[in-house]
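1. I need the structure of the sequence given here:
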Amino acid sequence: MRFSDFVQLIHRYIGCSVTQQEYVLYLTNLVIRDPMTDDEKQLDEDDAFNPLSGKDVSTLSKIYSGAQNRKIKQEDARTIQSLFSKTKFVDAFQTVDYEAREELIGNLNGFGIQGNLEADNIDEVCAELFYCFIDAMASNKGYIDTSTPVHIDSYGNRYVTVEVSTVYVKDGKLHVGDEVLELPAALAPEKDIKPEEMPYVNALCAAYADALTQAVTPDIIGTLPGRYRRDFSSQRTSYYEADWLCHSVRDVFDGGEEKFEALKKDAYDGIESTYLQDYDNGYQRLQAVLDKITNTTLDTSSIDRIKSLMKNVHKKGICHILVNDGTIKSWVDIDE
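-> From the prediction side, this is the model:
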């Protein structure tokens, strides 16, 4: 899909009264943030904040039509990229009705843009696509490659379809083909236990109680012997790490949710025989299962093949997610 294709398509839905000669300038103004510094404000007063403001009508018309493969110059695209903000662009879509949004989705599909495109997120999708084009032109390309489809999640964020085994993590970023994607922010346990944690937390308390032969509830964890306090802290960290992994895979990869479900099934298949063995108490079963999962290869969903993404702490946390899901009923009463 060429930039001129995108511009002409969007012209049907927003800024319809703007002439073709003026439309590229109108559209880029929608994705350039407001000036902030004194120098930027002066440029704005001089009508020079948008690097396309000084272009002649002929140049802007050729960018619009794609004549002679004209596109935004690399230097200008880099400036727009540094100032990019989708707020005004998304706001401009407020007047686009449902039927027009559905029509726009069909037109984007025709160019090979696929994924979770819906009427209520198409404004975000188009903003992300606009950024893709600016990013491409900043590298002196006037098109985006749809042979590898661009997918958009329900929040309007882009992810690309690639072979998972070629993906790797470095310096906290996910390298996907030619893309470098920011991973979700790391999750860490808060002091207060969240309601969604209670199933696995209660199961841990039952395991500790079985080993100590005393009642254990979350509010008395701090009074337990050191090994159990340390274990509880470690298990909560593992759970949060696994929850982060779930969000990362779900938000970045096409079919990410299904991949993580496959990972959980693979994990349970790997630990089931260990889980079902007899132990003196539930705490021993818990430790045996955690030891087993760290020595189990989880390759059904292919997530385990992403270099440096999944570590032992994530595998342990998946066991607690399995408790939350009800796949693991208890560390103590496995016949319930």
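
2. hey, let's count contacts and neighbours off CA atoms from now on
-> OK.

3. neighbours around Asp97, how many?
-> Using other C-alpha atoms under 10 Å, Asp97 has 11 other residues around it.

4. Leaving out the residues flanking it, which one is nearest to Tyr143?
-> Excluding its sequence neighbours, the residue lying closest to Tyr143 (C-alpha to C-alpha, 6 or more residues apart in numbering) is Arg2, at 4.1 Å.

5. Ramachandran angles for that neighbour?
-> Dihedral angles phi and psi of Arg2 (degrees, to the nearest 10) take the values phi -90, psi 160.

6. what's the answer for the one 4 residues further on, then?
-> The main-chain torsion angles of Phe6 are listed as degrees, to the nearest 10 and equal phi -60, psi -50.

7. count of residues packed around it?
-> Here the neighbour count serves as a burial measure; for Phe6 (other C-alpha under 10 Å) it reads 18.

8. now swap in Gln74 and tell me
-> Taking other C-alpha under 10 Å as the definition, Gln74 ends up with a neighbour count of 18.

9. so what's the residue nearest to it when sequence neighbours are not counted up against?
-> Nearest non-adjacent residue to Gln74, counting by C-alpha to C-alpha, 6+ apart: Ala138, 4.7 Å away. The neighbours of Ala138, taking C-alpha atoms under 8 Å, 6 or more residues apart in numbering as the test, are Lys73, Gln74, Glu75, Asp76, Ala77, Arg78, Gln81.

10. Out of these, who's the most crowded?
-> Each of those was scored for neighbours by other C-alpha under 10 Å, and Ala77 scores highest at 24 neighbours.

11. in the longest helix anywhere in the chain, what counts as buried?
-> Secondary structure of the chain per DSSP state H: the longest helix is helix 226-252. Of the residues in helix 226-252, those with enough neighbours to count as buried (16 or more other C-alpha atoms under 10 Å) are 228, 232, 235-252.

12. Stretch 7-27 too?
-> When burial is assessed from 16+ other C-alpha under 10 Å, stretch 7-27 yields the following buried residues: 7-8, 10-11, 13-14, 20-21, 23-27.

13. how about those in JSON lines, adding distance to Glu128 and pLDDT?
-> Converted to JSON lines, those look like this (distance: C-alpha to C-alpha, whole Å; pLDDT from 0 to 100):
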{"residue": "Val7", "distance to Glu128": "14", "pLDDT": "95"}
{"residue": "Gln8", "distance to Glu128": "17", "pLDDT": "96"}
{"residue": "Ile10", "distance to Glu128": "13", "pLDDT": "96"}
{"residue": "His11", "distance to Glu128": "16", "pLDDT": "96"}
{"residue": "Tyr13", "distance to Glu128": "16", "pLDDT": "95"}
{"residue": "Ile14", "distance to Glu128": "16", "pLDDT": "94"}
{"residue": "Gln20", "distance to Glu128": "22", "pLDDT": "93"}
{"residue": "Gln21", "distance to Glu128": "24", "pLDDT": "90"}
{"residue": "Tyr23", "distance to Glu128": "19", "pLDDT": "94"}
{"residue": "Val24", "distance to Glu128": "17", "pLDDT": "95"}
{"residue": "Leu25", "distance to Glu128": "18", "pLDDT": "95"}
{"residue": "Tyr26", "distance to Glu128": "17", "pLDDT": "95"}
{"residue": "Leu27", "distance to Glu128": "14", "pLDDT": "95"}
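
14. Can you flag which of those belong to helices?
-> The helices in this structure, assigned by DSSP H, contain Val7, Gln8, Ile10, His11, Gln20, Gln21, Tyr23, Val24, Leu25, Tyr26, Leu27 from the buried residues of stretch 7-27.

15. Nice, that's everything, thank you.
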